[in-house]
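Enquirer: let me see the structure of the following:
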Amino acid sequence: MSQKYRSLFAGIAGVAFAGVVTPALAAPSCTVWPNTMAAPDLKVAVAANFFGPAKDLVTAWTAIGEPGAGKNVNICQDSTGVLNTEIRAGSSGYSLFLAADDTTPDALVGTGFVQSGATSDLYANGIPVLLALQTTVSDVQTLMPSVSSGVSATLSSQMTTSTPLSVANSQNIAVADPTPAPYGDAAYMIMHDMGLWPTKGTVPTGVHSPLYGNITLTFNSVTDTTNKSGFVSKSQICAGIAPHHSSPPDYIYIAFTHSSYMRVQKGILIDSGDGTQNALGSSLKDYMLSNSDPNFWPNFLDAHCYAPI
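Expert: Numbers count the residues shown, from 1 in each chain. Predicted structure coming up:
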């Protein structure tokens, strides 16, 4: 399967504080793939950052000669917290859950919600980025004066109060709610370390209020220019989501790769209540992590801008 990707993003930010606003949590958004008009053969839950990659994964798994040939998958995306709540409510119908953190799948191990003997397994290490459009902000130094001038920057160190984002040049900043959304939590940790967001449960000045329910909504609010910048996943832009395919790239970004901010993402098999669907979910997970080609998953992660596992 060919993969086209770009690493083009940028950062922003600033803050003081405003009141607490909690966004309403909507139902997950689902898409049958690869045949959007077909009846699905199984249903999987994926954290919002992995929705684009999940479609590429399903395209590969269902190709002629592959284990899922001819099958169609109902891919449901939302924040990890919303998906977990749905699973724990019972009757979700999912046979696989790919979260944006490790603690949520870990807590499901041994419960009645997962398939017998199911373990939580690392499938990706996600990279949070601060993103802006070049039509809005042309240089990352505008967003964060301490970085070198350019269209991208990667910061491997933990942030401090001496390396803040510029509030005036970045607001409003789109951020997903840290409680249900692990990438929103990463954004909180980054700004917290910068001295810009001391306490969860508040919405800092310069950050869009209300907070977004997941990072798909966060991403969309930047690309439609509702917000000047936003914290998202590098994978969302790497996947080449339309219409941002220009060369040179029309994004600028700051990536935060310190271990405190990276998202350790695990998956686990869920009991759908249907043995056939459970087996298909297990096949899809094996295709990811136990593929006969040992280079398949490392290459897939690299092509979608995740760090190696």
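Enquirer: low-confidence ranges, the stretch 201-309 of the chain, go.
Expert: Across the stretch 201-309 of the chain, residues meeting the criterion (pLDDT under 70) sit at 239-249.
Enquirer: strands along that one, start to end?
Expert: Secondary structure of the stretch 201-309 of the chain (DSSP state E, counting those that start in this stretch): strands located at 229-233, 251-256, 263-269.
Enquirer: off-centre distance for the last one?
Expert: Okay, so that is strand 263-269. Centroid separation between strand 263-269 and its chain, computed with Cα atoms, centre = their mean, to the nearest Å, is 12 Å.
Enquirer: partners of that strand, with directions?
Expert: With DSSP bridges as the test, strand 263-269 is paired with strand 96-98 (antiparallel), strand 121-126 (antiparallel).
Enquirer: which residues touch it?
Expert: 47, 49-50, 95-102, 104-106, 108-109, 114-115, 118-128, 182-183, 186, 233, 278, 281-282, 285, 288 (Cβ atoms under 8 Å, 6 or more residues apart in numbering). All C-beta spots, glycine's among them, are computed from the backbone N, C-alpha and C.
Enquirer: most packed of the strands paired with strand 263-269?
Expert: Ranked by mean neighbour count, the strands paired with strand 263-269 are led by strand 96-98 with a mean of 29 (mean count of other Cβ atoms under 10 Å).
Enquirer: can you pull the contacts of the residue sitting furthest away from the middle of the chain?
Expert: Note on the chain: the largest C-alpha distance from the chain mean falls to Gly65, namely 29.7 Å (Cα atoms, centre = their mean). By Cβ under 8 Å, 6+ apart, the contact list for Gly65 is empty.
Enquirer: looks to me like it is in a strand.
Expert: No - applying DSSP: H, G, I helix; E, B strand; the rest coil, one finds Gly65 to be coil, outside a strand.
Enquirer: ok, now how distant is Val114 from Ile87?
Expert: Val114 sits 9 Å away from Ile87, going by Cβ to Cβ, to the nearest Å.
Enquirer: with Thr136 instead?
Expert: Using Cβ to Cβ, one obtains 38 Å as the distance from Thr136 to Ile87.
Enquirer: quick one: average confidence on stretch 35-53?
Expert: Stretch 35-53 shows a mean pLDDT of 97 in the predicted model.
Enquirer: so Met189 is in contact with Ser259, correct?
Expert: No - contact criterion Cβ atoms under 8 Å: Met189 and Ser259 do not qualify, at 11.1 Å.
Enquirer: find the residues that touch each one of Val114 and Ile87.
Expert: Overlap of the contact sets of Val114 and Ile87 (by Cβ under 8 Å, 6+ apart) consists of Leu108, Ile270.
Enquirer: looking at the two, which is more packed in?
Expert: Using other Cβ atoms under 10 Å as the criterion, Val114 and Ile87 rank with Ile87 on top: 22 against 19.
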